[in-house]
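Engineer: Provide a 3D model corresponding to the input given below.
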Amino acid sequence: MKITKEFKLVECCGTAYEIGLQWGEGCRESFYQTTANNFNNMELMYQVKKEQVMAMATKFLPLIQQFDPYLVDIMKGQADATGLSFAEILTNRCIFELLFYYQAIISLCTGFAAAGNATVGGRTILGQNIDWAPSATIDFLKVHHEGGPDQYILSFANSSEYIISSAGYGICAMATLGKNYAFNLPLACYMPRVMRQQNIHDAMKLLSQVARGLGYYHLADSNGVIIGIESTYNDYEIIYPDNDLILHSNHYLTERFKDDDMMAYLAEMGYMPPIMATESFDRYKNISRLMHNDYGRITPQTAMEILANHENFPLSICRHDDSSTTPSVTLASFVMVPEEGAIYVTCGHPCENEYIRYSF
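Structural biologist: Sure thing, here's the model as predicted:
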C-alpha cells in the first residue's frame, strides 16, 4: 500500500530579493545540505578545493547578471536568509556545469508530454521522474512574481527547477551531455527567466537562444502545444511531437547529435559504469512502449502508473539504484495538467508514495 508523504510547501512573494529571502528561510536546511554535498563530493572524489570550485562558478556571474539580474537578486536574498555566501549560492546554481567540467555526472531522468489524440479528452499532460543521488534535496515552492505569473516549483538541489506556470504551461528537463561543452550560461540560470514568460511561444523562443549542450527540455501548454529542444554546445534542434507524444530520457534523439553524445565517452573513459552508456535507451524504449499501449487512454492516473514502472529494475523508470558506486534514485515524480493549473507530486518513489494534487 502506498503512503501519503508531502513536501513542505514554501510560499514566496514580493520583489525578487524578498522571494529569495523567503525561499532561503523556508528551505534553509536544504541549502546547507546541498552546499555541503557539492563541496564535499568535489573534494573527496576529484580533489578540488572549495575555493577552486567557487572561483570557477564566479566566472559565470557576468553572463548571469546580463541575462537575468532578477535571478541575481533572488540569490542575494537566499544568501542573506541562510547565512551562506553569495559565492556558495551561485556555485549551487552552476553545479551541473561544474559537475560536467569535473566529469562527475551521474544518472538521470525519464519524462513525457502527451496531448490531442493521445489523451482522454485531448487534455495536455506532461511529467517525469527526478532521479539523482540519494542525498540530494528537493524543495517545493509556490511563488508569486510581481507583475508575472504564479508558479509551482520543484527545486532540485537548490539549482535546477521543474515548473508549472499560471500562464498555462509547464516544463520537463532531462540531462543530455554533448562533447566539447563550452562555458555557456548555466541551465539553472536561464531556466527561471524562460519560465517567467507569459506564454509557451515566448518561453520556447528564449529557450532556443540559450539552451546549449547540457540538458533536454520539453514544454507543453493548455492549448495542446507540446515542443522540445535538444542542443550541443553550438547547435540545437527543435523536437516536435510524434502522434501527439514527446518522450525522452538522457540520450540524443537528433541524428546529427548522436556522435556528440557524451554518455558513451564517459563510460569508455571510466568516469561512469559501462551500463550507464546504454540504460537510457532501455528507459526510453520502456516509456515509449507503455505510452503507446495506453495511446488514446492516457490520463494523469495512467501516466502515474507508467512513472512507477520497474522494468529493468533497479535501473528502471522508477529508479532504485542506491548501491552502485554512482547511486541514483527517484527523489520525486510529477505530472502536470496545464489546463487545470494542476501539478501532482510524489515525495519519493511513485511506486511507494501517493501523488498529491496542487493547483492555482
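
Engineer: Work out for me the element the residue lying closest to Q65 once chain neighbours are set aside sits within.
Structural biologist: Spatial nearest neighbour of Q65, excluding adjacent residues (C-beta to C-beta, 6 or more residues apart in numbering): V72 at 5.5 Å. For glycine as for every other residue, the C-beta is placed from the backbone atoms N, C-alpha and C. Here V72, judged by DSSP states H and E, is contained in helix 69-82.

Engineer: Mind giving me the packing neighbours of that helix?
Structural biologist: helix 16-26, helix 28-46, helix 61-67, helix 86-93, helix 187-194 (3 or more C-beta pairs under 8 Å, 6 or more residues apart in numbering; DSSP states H and E).

Engineer: any idea of the angle that helix forms with helix 16-26?
Structural biologist: Relative orientation of helix 69-82 versus helix 16-26 (axes from the mean of the first three to the mean of the last three C-alpha atoms, to 10 degrees): 40 degrees.

Engineer: ok, residues contacting helix 69-82?
Structural biologist: For helix 69-82, contacts defined as C-beta atoms under 8 Å, 6 or more residues apart in numbering pick out 15-25, 28, 31-32, 61, 64-65, 84-86, 88-90, 93, 158, 189, 192-193, 196.

Engineer: quick one on the thing from earlier: quick check: the residue nearest to Q65 vs L61, distance?
Structural biologist: Distance, V72 to L61, using C-beta to C-beta, to the nearest Å: 8 Å.

Engineer: same question, L21
Structural biologist: In this view, L21 and L61 are 20 Å apart by C-beta to C-beta.

Engineer: Between those two, which is the more surrounded one?
Structural biologist: Remark: of L21 and L61, L21 carries more neighbours, 21 against 17, as counted by other C-beta atoms under 10 Å.

Engineer: Please name the residues that touch the more buried one.
Structural biologist: With contact set as C-beta under 8 Å, 6+ apart, L21 has these partners: 77-78, 80-81.

Engineer: Need the max-distance pair from these.
Structural biologist: By the measure C-beta to C-beta, Q78 and D80 form the most distant pair in these, at 7.5 Å.

Engineer: more neighbours, the two?
Structural biologist: Comparing Q78 with D80 by other C-beta under 10 Å, the one with more neighbours is Q78, at 28 against 16.

Engineer: what ranges do the strands span in the stretch 201-350 of the chain?
Structural biologist: Remark: strands assigned in the stretch 201-350 of the chain by DSSP state E, counting those that start in this stretch are 214-221, 226-232, 235-239, 245-248, 320-321, 328-337, 342-347.

Engineer: give me the low-pLDDT residue ranges for the stretch 201-350 of the chain?
Structural biologist: Within the stretch 201-350 of the chain, the ranges that satisfy pLDDT under 70 run 264-274, 276-277.

Engineer: can you map out the helices along it?
Structural biologist: With DSSP state H, counting those that start in this stretch, the ranges of helices along the stretch 201-350 of the chain come out as 262-268, 279-293, 300-307.

Engineer: report the angle between the axes of the second one and strand 328-337?
Structural biologist: Okay, so that is helix 279-293. Using the same axes, to 10 degrees, helix 279-293 lies at 30 degrees relative to strand 328-337.

Engineer: Give me the packing partners of helix 279-293, helices and strands only.
Structural biologist: Using 3+ C-beta pairs under 8 Å, 6+ apart, the elements in contact with helix 279-293 are strand 110-114, strand 245-248, helix 300-307.

Engineer: Give the partner strands of the helix or strand following the first one in its sheet and their orientations.
Structural biologist: For strand 110-114, the succeeding helix or strand toward the C-terminus, using DSSP H and E, is strand 125-132. The sheet places strand 125-132 alongside strand 110-114 (antiparallel), strand 328-337 (antiparallel), with pairing taken from DSSP bridges.
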